[in-house]
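In: Build the 3D model from these lines:
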Amino acid sequence: MKRKWLAIALSMALAVGMLSGCGDSNEEATTAPAADEGSSDAGSADAGSADAGSDEGSAEEPAVELLEDGGGKVLNIYVWNDEWKTRFEKYYPDYKDGKVGDVTVNFIQNANEGSNYQDKLDEALSKQESASADDKVDIFLAEADYIDKYKSAAADLAVPVEQLGITDADMAEMYDYTRQAATDENGVQRGVSWQACAAGMIYRRSKAKKYFGTDDPAEVQNFVSDWDKFKEACEKIRTESKGKEYMLFGPDDMQRIFTNNDSTKFVNDGVLAATPGLNDWADTMKEYCDAGYIQDPAGGLWSEEWGKAQSNDGKVFAFFGPAWYIYFCMTGYSGASQKDDGTWVHKDGKDSYGDWALCQGPQSFNWGGTWILAAKGTDNAALVGDIMKKMTCDQDILYNISKDNQDYVNGKAACDKLIADGITSDFLGGQDLISSLKEAAEAVSMTNLSPYDQQCIENSQAQFKDFFTGKVSKEDATKKWQDEVIKAFPNLTAG
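Out: Prediction:
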């Protein structure tokens, strides 16, 4: 049964929310989220501006009217893997045995390769208005490569977060770029993220000692602090190993450094063109392949051989990625196995787990990120708002996510506490992951996003392999890349 909260209830809820920020709630999904009396965060500083002392009979409207809640009994969440599912099930305080109160939680998972996930999500969203209550999309996730499409005011697929009761005060501890990336062309924020994805160079400590005489991140950084020094380090490894070890596994490993730092988008006014970053990546990787700095010029991310290169017997010095890359990729390939409680078991000296460290490398960059968005037409607005708020604003929840999963979270206060508490990474040999990426996280900008980025990135990695192996010219590889992207987006033209 649909119902609209009374103005007085809305006013009181907003006032309490301002007073206590992202506190925990034990209310059922069909009621307005209430804050835990014991919570405190950045929102507390603005408590004086909330009209908490208004008369009980006041009918004054709040600044923003919260979205009507439909009292839904099924919460449908679209995802492409189980990353956020595991976070939600472990850390959202009101979740238990597949339910939140009397609402059944239903995760709908579709693989992210190509446009598969987006296609399935788009189909579901297109039927949102006519879908039955139990089939409506309530929450969906979007990656950095295509969030630009789903945050759009013109598309109007995602609910503004302010209509879900999430305020600027609630989000005060977030990194600015994570809010910018989910803000539409009219300045309205439509998504939130629990993670920040600043990235760096993840290198083997034992190989650093062998070639540079130290495994200390600050000292190793001196050997790779700009592109000239990085090339010298590549040559040093090639020469001293007599061509038996390599700086990189494949050309794809470093692509995000170049494209993330682009000043232009892949598509401008409907015209698809290679950006300066894409060209620099192609030219630099071709040079590195020809010089013997790369193990497999045709080697791609996520391949079996790429995983083996991270093992104890791997011949590669460094990989480039953010915290999620370490946890979801490198940790398993390092030879360790995960127990039910989330901890990792490894055999010291018989696998590469713990033989890694992280420094910035030749240039700082960001890779990825996942945003949580509320689907327009959700019939679980109150619950959706509470989930989004707690999972991205509650500093205690964020602290535990990072501590347990080596994730870099989108909460500055949580990150500061992790540093102060001396939380370190076993995978990184006891290094403080948060401190290592903190400066880079502050500097991230995502102004070059476009709705076409996933196809542009994935197709460039596929189509430039023949260039790196000497089979085609760069011009031919670029044309084939454009042709493949335009197949996916016929509205584009090649520039």
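In: show me where the stretch 301-450 of the chain has helices.
Out: 304-308, 323-325, 331-333, 381-393, 395-405, 412-420, 433-443 (DSSP state H, counting those that start in this stretch).
In: can you tell me which of those comes nearest to residue 80?
Out: helix 323-325 (13.2 Å; Cβ to Cβ). (Glycine included, C-beta is placed from N, CA and C.)
In: helices or strands up against that closest one?
Out: The criterion is 3 or more Cβ pairs under 8 Å, 6 or more residues apart in numbering; DSSP states H and E, and there are no helices or strands that helix 323-325 contacts.
In: Now with 10 Å, please.
Out: Helix 323-325 sits against strand 198-204, helix 395-405, helix 433-443, with contacts defined as 3 or more Cβ pairs under 10 Å, 6 or more residues apart in numbering; DSSP states H and E.
In: residues contacting the residue nearest the centre of the chain?
Out: Centroid-nearest residue in the chain, with Cα atoms, centre = their mean: residue 369, separated by 1.4 Å. Listed by Cβ atoms under 10 Å, 6 or more residues apart in numbering, the contact set of residue 369 reads 142-145, 147, 175, 177-178, 181-182, 193-198, 322, 324, 410, 444, 446.
In: Report pLDDT for it.
Out: Residue 369 is assigned 95 on the pLDDT scale.
In: so which of the helices of the stretch 301-450 of the chain is the most packed in?
Out: helix 381-393 (a mean of 26; mean count of other Cβ atoms under 10 Å).
In: avg pLDDT for that one?
Out: Helix 381-393 carries an average pLDDT of 98.
In: helices or strands up against that helix?
Out: Applying 3+ Cβ pairs under 10 Å, 6+ apart, we find helix 381-393 packed against helix 7-20, strand 74-79, helix 83-91, strand 99-100, strand 103-109, strand 137-143, strand 370-374, helix 395-405.
In: so how far is it off the chain centroid?
Out: Computed by Cα atoms, centre = their mean, to the nearest Å, the chain-centroid distance of helix 381-393 equals 18 Å.
In: With stretch 205-219 instead?
Out: 29 Å.
In: Would you indicate which residues of that stretch are buried?
Out: For stretch 205-219, the neighbour count (16 or more other Cβ atoms under 10 Å) marks 205, 207-208, 211-212, 215-217 as buried.
In: what do you get for stretch 458-470?
Out: 458-461, 463-468.
In: And for stretch 115-133?
Out: Buried residues in stretch 115-133, counted by 16+ other Cβ under 10 Å: 115, 117-118, 120-121, 124-125, 131.
In: Looking at those residues, spot the one nearest residue 317.
Out: Closest to residue 317 out of the buried residues of stretch 115-133 is residue 117 (33.3 Å), distances taken as Cβ to Cβ.
In: Could you check the pLDDT of the closest one?
Out: On the pLDDT scale, residue 117 is placed at 97.
In: That one and residue 464, how far apart?
Out: Distance, residue 117 to residue 464, using Cβ to Cβ, to the nearest Å: 24 Å.
In: Could you do residue 456 as well?
Out: Taken as Cβ to Cβ, the span from residue 456 to residue 464 is 12 Å.
In: what's the overlap in contacts for these two?
Out: Common neighbours of residue 456 and residue 464 (Cβ under 10 Å, 6+ apart) are 278, 481.
In: measure residue 211 to residue 357 for me?
Out: Using Cβ to Cβ, residue 211 is found at 14 Å from residue 357.
In: list the residues that contact both of the two?
Out: Residues touching both residue 211 and residue 357 by Cβ under 10 Å, 6+ apart: 204, 220.
In: packing partners for the host helix or strand of residue 124?
Out: Using DSSP states H and E, residue 124 maps to helix 116-126. When contacts are defined as 3+ Cβ pairs under 10 Å, 6+ apart, helix 116-126 sits against strand 74-79, strand 103-109, strand 137-143, helix 147-150, helix 453-463.
In: roughly how far is the longest one from the heart of the chain?
Out: What that stands for is helix 453-463. Taking the mean of its C-alpha atoms, helix 453-463 sits 18 Å from the chain's own mean (Cα atoms, centre = their mean).
In: try stretch 164-181
Out: Remark: stretch 164-181 is offset 15 Å from the chain centroid, using Cα atoms, centre = their mean.
In: Over to stretch 469-489?
Out: Using Cα atoms, centre = their mean, the offset of stretch 469-489 from its chain centre is 28 Å.
In: what's that stretch in contact with?
Out: For stretch 469-489, contacts defined as Cβ under 10 Å, 6+ apart pick out 114-115, 251, 266-267, 270, 272-274, 278-279, 282-283, 286, 289-290, 296-298, 451-452, 454-468, 492-495.
In: rerun that using 6 Å as the cut-off
Out: Applying Cβ atoms under 6 Å, 6 or more residues apart in numbering, the contact partners of stretch 469-489 are 272, 274, 282, 297-298, 452, 455-456, 459-460, 463-464, 466-467, 492, 494.
In: buried ones in it?
Out: So for stretch 469-489, counting by 16+ other Cβ under 10 Å, buried means 472, 477-478, 480-482, 484-486.
In: would you turn these into CSV with pLDDT, secondary structure and distance to residue 153?
Out: Shown next, in CSV, are these (pLDDT from 0 to 100; DSSP: H, G, I helix; E, B strand; the rest coil; distance: Cβ to Cβ, whole Å):
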residue, pLDDT, secondary structure, distance to residue 153
472, 98, coil, 41
477, 98, helix, 36
478, 98, helix, 33
480, 98, helix, 35
481, 98, helix, 30
482, 98, helix, 29
484, 97, helix, 30
485, 97, helix, 25
486, 98, helix, 26
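In: can I get the residues you listed in CSV with distance to residue 164?
Out: Shown next, in CSV, are the buried residues of stretch 469-489 (distance: Cβ to Cβ, whole Å):
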residue, distance to residue 164
472, 50
477, 45
478, 43
480, 44
481, 39
482, 40
484, 38
485, 35
486, 37
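In: Beta-bridge partners for the residue nearest to residue 140 when sequence neighbours are not counted, please?
Out: With sequence-adjacent residues excluded and distances taken as Cβ to Cβ, 6 or more residues apart in numbering, residue 140 is closest to residue 78, at 4.0 Å. Counting by DSSP bridges, residue 78 is bridged to residue 108, residue 140.
In: gap between residue 78 and residue 99?
Out: Computed as Cβ to Cβ, the residue 78 to residue 99 distance reads 19 Å.
In: Can you pick out the residue with more neighbours from these two?
Out: Neighbours were counted for residue 78 and for residue 99 using other Cβ atoms under 10 Å; residue 78 has more, 22 against 14.
In: give the contact list for the more buried one.
Out: When contacts are counted by Cβ under 6 Å, 6+ apart, residue 78 touches 108, 121, 140.
In: Need the helices and strands packed on helix 323-325 in TSV (columns: distance to residue 223).
Out: TSV is the format used below for the helices and strands packed on helix 323-325 (distance: least, Cβ to Cβ, whole Å):
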stretch	distance to residue 223
strand 198-204	10
helix 395-405	29
helix 433-443	16
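In: Ok, which of the ones you listed comes nearest residue 378?
Out: In terms of Cβ to Cβ, the element of the helices and strands packed on helix 323-325 nearest to residue 378 is helix 395-405, at 21.8 Å.
In: Name the SS class of residue 230, please.
Out: Secondary structure for residue 230, judged by DSSP: H, G, I helix; E, B strand; the rest coil, is helix.
In: show me where pLDDT drops low in the chain?
Out: Applying pLDDT under 70 to the chain flags residues 1-63, 342.
In: hang on, isn't residue 191 packed against residue 373?
Out: Yes: assessed by Cβ atoms under 6 Å, residue 191 is found in contact with residue 373 at 4.3 Å.
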